[in-house]
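>>> below are the sequence and a predicted model; questions follow.
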Amino acid sequence: MVPLTQARRIVVKVGSALLVDAESARINRAWLETLVEDLLRLRGRGQRVILVSSGAIALGRRRLGLKHGTLRLEESQAAAAVGQIRLAHAYKELLESNDVTVAQVLLTLEDSERRRRYLNARATLESLLELGALPVINENDTVATAEIRYGDNDRLAARVAQMTGADCLVLLSDVAGLYSADPNRDPSARLVHEGRSLLPAGVTGTRGRFDRGDTVSVLAADGVEIARGIIAYSDGDAARIMGRKSSEIAELLGFRGRDEMIHRDDLVLLRPHGTGGAAVPAPQPAP
């Protein structure tokens, strides 16, 4: 990922807590207008923007008289059906008043895991961007079952960023960052701090086959997965430079690659742990 000002293609994700007023269960109009101003500013710089928006269920549940608390799957789907049309109308009204064409795209997890659906979704998004439209994406809660749901729009936004080759992913939320558990449900949840890269000197072994740019798991000495990231070297090159200083890479490989095995911008910590580990292949999330 590159800095926001240098990105040519940006995915912006908006959480329900920011978009929907908790008291009235209506769209927070003032906040949404500010968001639209920011999106227009990005487009004015020539940057292409995709918006991933939560809020459909939150907008629809009170309209249907559904009580607070956890909803059954069919209740969530009904609320999404009612709320989605309100959400889409709000984006259409504000953006098209500024001569920006809005497109609604609803996705399920299968759409990013089945090759034909993945390619079709990607082609549609590419066409929309080429034609100057601003895609607004949400999970298709109305038809998605528990087995084929993303579960949260942070994950959906990450898939969309990968699918469209975005340079930058921006997550707008009222949560401070990545936690060890849901902080709204677990008072013992701890904020996980994403501050160091994985250097060759910190790698003690490798397993399996992987190429530069693949997503791999990082394991601690006890075999517990502590992180995932995008590896900068193939398995063969990684094996040659593991345990060595970054300054030795050129001599060992015959070329100068990145100083980091996995740069911190491409690394997600799954749980706190000490240093050291082994890079092993992890399944790619999309074809």
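Everything's here; your move.

>>> C-alpha from now on. contacts and neighbour counts both.
Will do.

>>> restricting to C-alpha, output stretch 116-123 in CSV.
Extracted C-alpha coordinates of stretch 116-123, given in CSV (Å, rounded to 0.1, in the frame of the first residue of the first chain):
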residue,chain,number,x,y,z
ARG,A,116,-16.0,-17.1,-12.4
ARG,A,117,-17.8,-14.8,-9.9
TYR,A,118,-14.5,-13.2,-8.9
LEU,A,119,-13.6,-12.4,-12.5
ASN,A,120,-17.1,-11.1,-13.3
ALA,A,121,-17.2,-8.9,-10.2
ARG,A,122,-13.7,-7.5,-10.9
ALA,A,123,-14.6,-6.8,-14.5
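
>>> any buried residues in it, and which?
Within stretch 116-123, the residues scored as buried using 16 or more other Cα atoms under 10 Å are 118-119, 121-122.

>>> can you check stretch 227-244 too?
Buried positions in stretch 227-244, judged by neighbour count with 16+ other Cα under 10 Å: 227-233, 235, 238-239, 241-244.

>>> specify the residue positioned farthest from the middle of this protein.
residue 251 (36.8 Å; Cα atoms, centre = their mean).

>>> confidence score at it?
On pLDDT, residue 251 comes in at 91.

>>> now do the one 3 residues further on
Here the pLDDT value assigned to residue 254 is 91.

>>> residues near it, how many?
The number of residues packed near residue 254 is 9, by other Cα atoms under 10 Å.

>>> can you give me the strands in the stretch 1-150 of the chain?
For the stretch 1-150 of the chain, applying DSSP state E, counting those that start in this stretch gives strands covering 9-14, 48-53, 102-107, 134-139.

>>> circling back: what's the helix or strand for the residue farthest from the centre of the chain?
Per DSSP states H and E: residue 251 is located in helix 249-253.

>>> most residues in a single helix of this structure, which one?
For the chain, the longest helix by residue count, based on DSSP state H, is helix 73-96.

>>> one step back: residue 261: which of the strands of the stretch 1-150 of the chain is closest?
strand 9-14 (25.5 Å; Cα to Cα).

>>> give the pairing partners of the closest one; include direction for each.
strand 48-53 (parallel), strand 168-172 (parallel) (DSSP bridges).

>>> pretty sure residue 83 sits against residue 54.
No. Under the criterion of Cα atoms under 8 Å, residue 83 makes no contact with residue 54, lying 10.2 Å away.

>>> thought residue 43 was touching residue 36?
No. Counting by Cα under 8 Å, residue 43 stays clear of residue 36, with 10.5 Å between them.

>>> what about those two, which has more around it?
Neighbours were counted for residue 43 and for residue 36 using other Cα under 10 Å; residue 43 has more, 18 against 15.

>>> thanks a lot, see you next time.
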